[in-house]
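1. build me a structure from this.
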Amino acid sequence: MSRTVRMLRRTGLLRWHVIALLGVLAAPALATAAAQDTALSGSGISKLGDDTRRLTVKAGTSDSTGAAEGRVSFAHHSPSGVSRFKGVVSCLRVAGGVAQLSGTVSEGETASGVVLTGKQFAFTIRLDGDQSFSLPRFAATVVPCSDGQPTQVALTGGRFKTR
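-> You can find the predicted model right below:
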């Protein structure tokens with residue numbers, strides 16, 4: 001046994017050096033664990049008077065960049081008609097009880113006849129406590145995993161879950 005190990009053992013510091021060494025060796029494994037699969041799925045309904053909104057999501061990512069695959073559908077039934085769209089999710093980020101997702105509309109239009117196909121969308125979903133989701137934000141270009149509109153609607157039915 002080396003003189004350094006004997007000295008560390010005598011002073012009780014050997015244990016702390018071993019713990020520190022294990023922490024250094026475990027750091028890459030922890031970084032890999034942080035970059036593992038994230039999935040968001042479920043359906044939420046928000047009904048208030050004659051207004052009903054439904055958001056359905058099934059998306060997942062396998063790394064920390066947010067690059068994702070999945071599908072989303074949204075429908076808004078109101079006295080003025082029905083707005084609805086289906087889209088492909090390309091970005092998903094879940095942190096601190098909030099999910100942000102964005103992608104491209106594959107088909108859809110608003111109650112007033114505005115075609116949404118080809119536009120990009122973004123949603124924010126509050127996952128903790130009383131769940132809610134934002135109204136969608138549409139644009140020609142949306143920053144990946146950005147927020148939906150600031151307005152959140154509370155769920156009156158359904159649930160979203162993460163993994």
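2. from here on, just use CA atoms for contacts and neighbour counts.
-> Noted.
3. what is the burial count for residue 128?
-> If you count neighbours by other C-alpha atoms under 10 Å, residue 128 ends up with 12.
4. quick check: the nearest residue to it once chain neighbours are set aside vs residue 148, distance?
-> Spatial nearest neighbour of residue 128, excluding adjacent residues (C-alpha to C-alpha, 6 or more residues apart in numbering): residue 97 at 5.2 Å. Counting by C-alpha to C-alpha, to the nearest Å, the gap from residue 97 to residue 148 is 15 Å.
5. more neighbours, the two?
-> Remark: of residue 97 and residue 148, residue 148 carries more neighbours, 22 against 12, as counted by other C-alpha under 10 Å.
6. what residues are up against the more buried one?
-> Residue 148 is in contact with 100, 121, 122, 123, 124, 134, 135, 136, 137, counting by C-alpha atoms under 8 Å, 6 or more residues apart in numbering.
7. wait, isn't the first one in contact with residue 133?
-> This means residue 100. No: counting by C-alpha atoms under 8 Å, residue 100 sits too far from residue 133 to count as a contact (9.9 Å).
8. where do the strands of the protein begin and end?
-> 38-48, 51-61, 67-78, 81-95, 98-109, 120-126, 132-134, 137-139, 152-154, 157-162 (DSSP state E).
9. now mean pLDDT and mean neighbour count too, for the ones you listed, in JSON lines please.
-> What follows is the strands of the chain, written out as JSON lines (pLDDT from 0 to 100; neighbours: other C-alpha atoms under 10 Å):
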{"stretch": "strand 38-48", "mean pLDDT": "96", "mean neighbour count": "19"}
{"stretch": "strand 51-61", "mean pLDDT": "96", "mean neighbour count": "20"}
{"stretch": "strand 67-78", "mean pLDDT": "95", "mean neighbour count": "19"}
{"stretch": "strand 81-95", "mean pLDDT": "96", "mean neighbour count": "20"}
{"stretch": "strand 98-109", "mean pLDDT": "97", "mean neighbour count": "22"}
{"stretch": "strand 120-126", "mean pLDDT": "97", "mean neighbour count": "25"}
{"stretch": "strand 132-134", "mean pLDDT": "98", "mean neighbour count": "24"}
{"stretch": "strand 137-139", "mean pLDDT": "96", "mean neighbour count": "17"}
{"stretch": "strand 152-154", "mean pLDDT": "96", "mean neighbour count": "18"}
{"stretch": "strand 157-162", "mean pLDDT": "96", "mean neighbour count": "15"}
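10. between residue 100 and residue 133, what contacts are shared?
-> 123, 124, 125.
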